[in-house]
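Undergrad: Okay, here's the prediction I keep looking at, along with the sequence it came from:
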Amino acid sequence: MSKTKSYAASSAKSALAPFTIERREPREHDVAIDIKFCGICHSDIHQARDEWGHATFPMVPGHEIAGVVTAVGSKVTKYKIGDKVGVGCFVDSCRKCPQCLKGLQQYCGVGMSLTYNGTEKDGTPTYGGYSEKIVVDENYVLRIPDNLPLDAAAPLLCAGITLFSPLRHWKAGPGKKVGIIGLGGLGHMGVKLAHALGAEVTVLSQSLKKQADSKRLGADHFYATSDPATFEKLKGSFDLIISTVSTGMDWNQYIDLLNIDGTMVIVGVPDRAIPVAGFSLIMGRRSLAGSVIGGIPETQEMLDFCGKHGITCDIELIPIQKINEAYERVLKSDVRYRFVIDMASLKAS
Ligand code: NAP
Ligand code: ZN
Ligand code: ZN
């Protein structure tokens, strides 16, 4: 075991603060990773504040991990010392159920081992990326393309794959009209990826504040949802809408923006039940769906796609000492568009 500096929440009500954890020595199939950067996902805040229930403390959040391999176990074949790698939202799964066998580990029938706020198969608590290093089985490690900077690539491990997976599953591409609700960490990756896939992309944001940015990110159109005229104008126009919002909203109003056979996919985790009027779906053979992150093969496909197209996240790099302030700014939708922690700053704490 090796002592590892980290930042942890000791309870749902406490601020994050320096904390020391133990990381295991690499086993035969393990890769030891020196964490260089870790993104701050809104899910980190939901979990550190126990908004989804069943949170375990102390909690070291962080599942957008980018770093460099420092050691490998004797049977590791995929990685070597010095490789640029990433770890996303899970570090293991049962490997035997139909979903795992199809590479859809995010839907593992037994349940994945979450990167943090979870347990390894042997019951050991997992600790996430707000730390100096991590040890992960090579089958759950991703390769980061050499042309992508590690800091701006880190959020691809959650924000990137969470949008790539539904965009691919519902076939976003040339001739398809895609709407993205919420231009935050997930939303801005949705715009970049949908644009690169060839779809016509519209951003639906609370105000016009992010309009200029959205064009730069690749959006074709931008509308403020605070303006009721937006909903009149866009009625029946989208093949696919992806919602990244985590608050309540008038769902029927958005479903009515779908074309016939259109699908609305929820990736943002709403903080309350979703009331949907049957007629919103019936009149147009529309679907309401959900999607969670992506499996290991699809996450690698997304990273390679981003490498090929030169896609990374727009980030604000912060020292870990600013973590609590950053959380407050995420809640106010005041980040352009993802905070990433420079883990070198952890040495000073
Ligand atoms: P984020 O950076 O905070 O972005 C959320 C966006 O929602 C904001 O930027 C904002 O965009 C919009 N929004 C709409 N109404 C809002 C309101 N009343 N207050 C604040 N913002 C509002 O968060 P994120 O990291 O992208 O995550 C979004 C959600 O997805 C979270 O619930 C997170 O837990 C969830 N998530 C799900 C998955 C999955 O696999 N399904 C994976 C990762 C995260 P505008 O300013 O443009 O309106
Ligand atoms: Zn996340
Ligand atoms: Zn499984």
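TA: Sure, I can see it. Ligands and ions are numbered 1, 2, ... in the order given.
Undergrad: Report the contact partners of the residue in the stretch 151-300 of the chain that ligand 1 sits nearest to.
TA: Closest residue of the stretch 151-300 of the chain to ligand 1, CB to the nearest ligand atom: residue 184 (1.9 Å). Where C-beta positions appear, they are placed from N, C-alpha and C, glycine not excepted. The contact partners of residue 184, by CB atoms under 8 Å, 6 or more residues apart in numbering, come to 42, 244, 330, 333, 335, 337.
Undergrad: What number of neighbouring residues does the fifth one come out with?
TA: Think residue 335. Residues lying near residue 335 (other CB atoms under 10 Å) number 20.
Undergrad: Equivalent analysis for residue 260, please.
TA: A count of neighbours around residue 260, defined by other CB under 10 Å, yields 10.
Undergrad: What of residue 159?
TA: Neighbours around residue 159, by other CB under 10 Å: 29.
Undergrad: you'd agree it is up against residue 339?
TA: No. Residue 159 lies out of contact with residue 339 (CB atoms under 8 Å); the separation is 11.2 Å.
Undergrad: Next to ligand 1, which bits of this protein? Give me the list.
TA: For the chain, the residues in contact with ligand 1 (CB under 6 Å from any ligand atom) are 41-43, 46, 158, 162, 182-187, 205-206, 210, 244-247, 267-269, 291-293, 330, 333.
Undergrad: which of those residues are buried?
TA: Buried residues within those, counting neighbours by 16 or more other CB atoms under 10 Å: 41-43, 46, 158, 162, 182-187, 205-206, 210, 244-246, 267-268, 291, 293, 330.
Undergrad: Let's see which of the residues you listed end up in helices.
TA: When DSSP state H defines the helices, the subset of these inside them is 42-43, 46, 162, 185-187, 330.
Undergrad: Could I get the full set of strands for the stretch 101-250 of the chain?
TA: Applying DSSP state E, counting those that start in this stretch to the stretch 101-250 of the chain gives strands spanning 113-114, 133-137, 142-143, 177-181, 200-205, 221-224, 238-243.
Undergrad: Make CSV out of these and add mean pLDDT and distance to residue 281.
TA: Shown next, in CSV, are those (pLDDT from 0 to 100; distance: least, CB to CB, whole Å):
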stretch, mean pLDDT, distance to residue 281
strand 113-114, 98, 32
strand 133-137, 98, 41
strand 142-143, 98, 36
strand 177-181, 98, 17
strand 200-205, 98, 19
strand 221-224, 98, 22
strand 238-243, 98, 13
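Undergrad: Using CSV, please lay out these together with distance to residue 127.
TA: Listed next are the strands of the stretch 101-250 of the chain as CSV, based on distance: least, CB to CB, whole Å:
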stretch, distance to residue 127
strand 113-114, 11
strand 133-137, 8
strand 142-143, 19
strand 177-181, 32
strand 200-205, 35
strand 221-224, 39
strand 238-243, 30
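Undergrad: Compare the ones you listed and give me the one nearest ligand 2.
TA: Closest approach to ligand 2 among those is made by strand 113-114 (10.4 Å; CB to the ion).
Undergrad: Can you tell me which of the ones in helices among the buried ones among the residues of the chain next to ligand 1 is nearest residue 85?
TA: residue 162 (19.3 Å; CB to CB).
Undergrad: Show the contacting residues for that closest one.
TA: Counting by CB under 8 Å, 6+ apart, residue 162 touches 186, 189, 267, 291-294.
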